[in-house]
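Asks: Okay, sequence plus prediction incoming.
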Amino acid sequence: MIDFASTFIFFFAVIDPIGTVPVYIAVTSKLDEDARKVVVKKAILTSAGVLISFIIIGELILSAMNIPLAAFQIAGGIVLFLFALTMIFGESKPEEEIKLAAKAREVAIFPLAVPSIAGPGAMLAAVLLTENDRYNILEQVQTALTMLAVLLVVFVLMRIASRVHRLIGDSGASIVSRVMGLILASVATASTLDGITEYFGL
């Protein structure tokens, strides 16, 4: 059985539900309530589909390309670490993705579903936390359900987005995003070290 708390925190860090709130508000500012409901549902279903696809076929693609899981774990950890650094030192998630929204028409898909919710960090996490050699089918299903629980949090926060935004503001969302980046950096470092240990048989 997986550690539900750590898995939930991991996905919470890479998906960053609170950081999604300002993005959602910005991209739906000119829409009425009914249109916003459609955007929320479409964004959640799309991001869930993308992440579940990575859980199902991500490792199969690696196997077809003869890429060792340990190598992917190392690379994934490095990419996750770089992703975390952009969350900590770069533009925060709300600031970066609101700019993308200005250029997008189908906002539920881009930038809301991808890359705001199902970003590169979340995609890599979905593969790393469901490795066939390390986790059985039951544990992979548990991981998928935990990921969906985080998406449920995203759904709820977007539905009450106006109240949340009034409570924390853009600055609050930026702070949360950077804290999540620090947590993600720690997880990414651990993933890289585990991959190095497995690859070199240390």
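Replies: Good, I have the coordinates.
Asks: tell me which helix or strand of this structure sits lowest on mean pLDDT?
Replies: helix 93-101 (a mean of 64; mean pLDDT, DSSP states H and E).
Asks: could you pull out the strands for this structure?
Replies: For the chain, no strands are identified by DSSP state E.
Asks: show me where pLDDT drops low in it?
Replies: Where the chain drops to pLDDT under 70, the residues are 91-105.
Asks: all helices for it, in order.
Replies: For the chain, the helices defined by DSSP state H cover 4-15, 17-27, 33-64, 69-89, 93-101, 120-128, 137-159, 161-200.
Asks: Of those helices, which is nearest residue 113?
Replies: helix 33-64 (3.8 Å; C-beta to C-beta). To be clear about C-beta, it is placed using only N, CA and C from the backbone, and glycine gets the same treatment.
Asks: How about residue 108: what's its closest non-neighbour residue?
Replies: Of all residues beyond its chain neighbours, the one nearest residue 108 is residue 42 (3.9 Å), with distances taken as C-beta to C-beta, 6 or more residues apart in numbering.
Asks: ok, now which ones touch that neighbour?
Replies: Contacts for residue 42 (C-beta atoms under 8 Å, 6 or more residues apart in numbering) come out as 108, 109, 113.
Asks: Just give the number of residues close to the first one.
Replies: A total of 23 residues lie near residue 108 under the criterion other C-beta atoms under 10 Å.
Asks: Likewise for residue 172?
Replies: Neighbour number of residue 172 under other C-beta under 10 Å is 16.
Asks: now swap in residue 112 and tell me
Replies: Neighbours of residue 112 (other C-beta under 10 Å): 31.
Asks: what does residue 38 give?
Replies: 12.
Asks: Repeat that for residue 57.
Replies: If you count neighbours by other C-beta under 10 Å, residue 57 ends up with 12.
Asks: Report the separation between it and residue 48.
Replies: Residue 57 sits 15 Å away from residue 48, going by C-beta to C-beta, to the nearest Å.
Asks: Residue 167 now?
Replies: Taking C-beta to C-beta, one finds residue 167 at 26 Å from residue 48.
Asks: Give me the more crowded residue out of the two.
Replies: Higher neighbour count among residue 167 and residue 48: residue 48, with 20 against 10, using other C-beta under 10 Å.
Asks: now that one, nearest residue through space, not along the chain?
Replies: residue 151 (5.5 Å).
Asks: How about the contacts made by residue 183?
Replies: Applying C-beta under 8 Å, 6+ apart to residue 183 gives the contacts 9, 13.
Asks: what's the spacing between it and residue 64?
Replies: From residue 183 to residue 64 the distance is 33 Å (C-beta to C-beta).
Asks: Could you do residue 51 as well?
Replies: 20 Å.
Asks: The two: who's more crowded?
Replies: Higher neighbour count among residue 51 and residue 64: residue 51, with 27 against 9, using other C-beta under 10 Å.
Asks: hmm, back to that, out of the contacts of residue 42, which comes closest to residue 10?
Replies: Comparing those against residue 10 with C-beta to C-beta places residue 113 closest, at 19.9 Å.
Asks: No further queries at this time; thank you.
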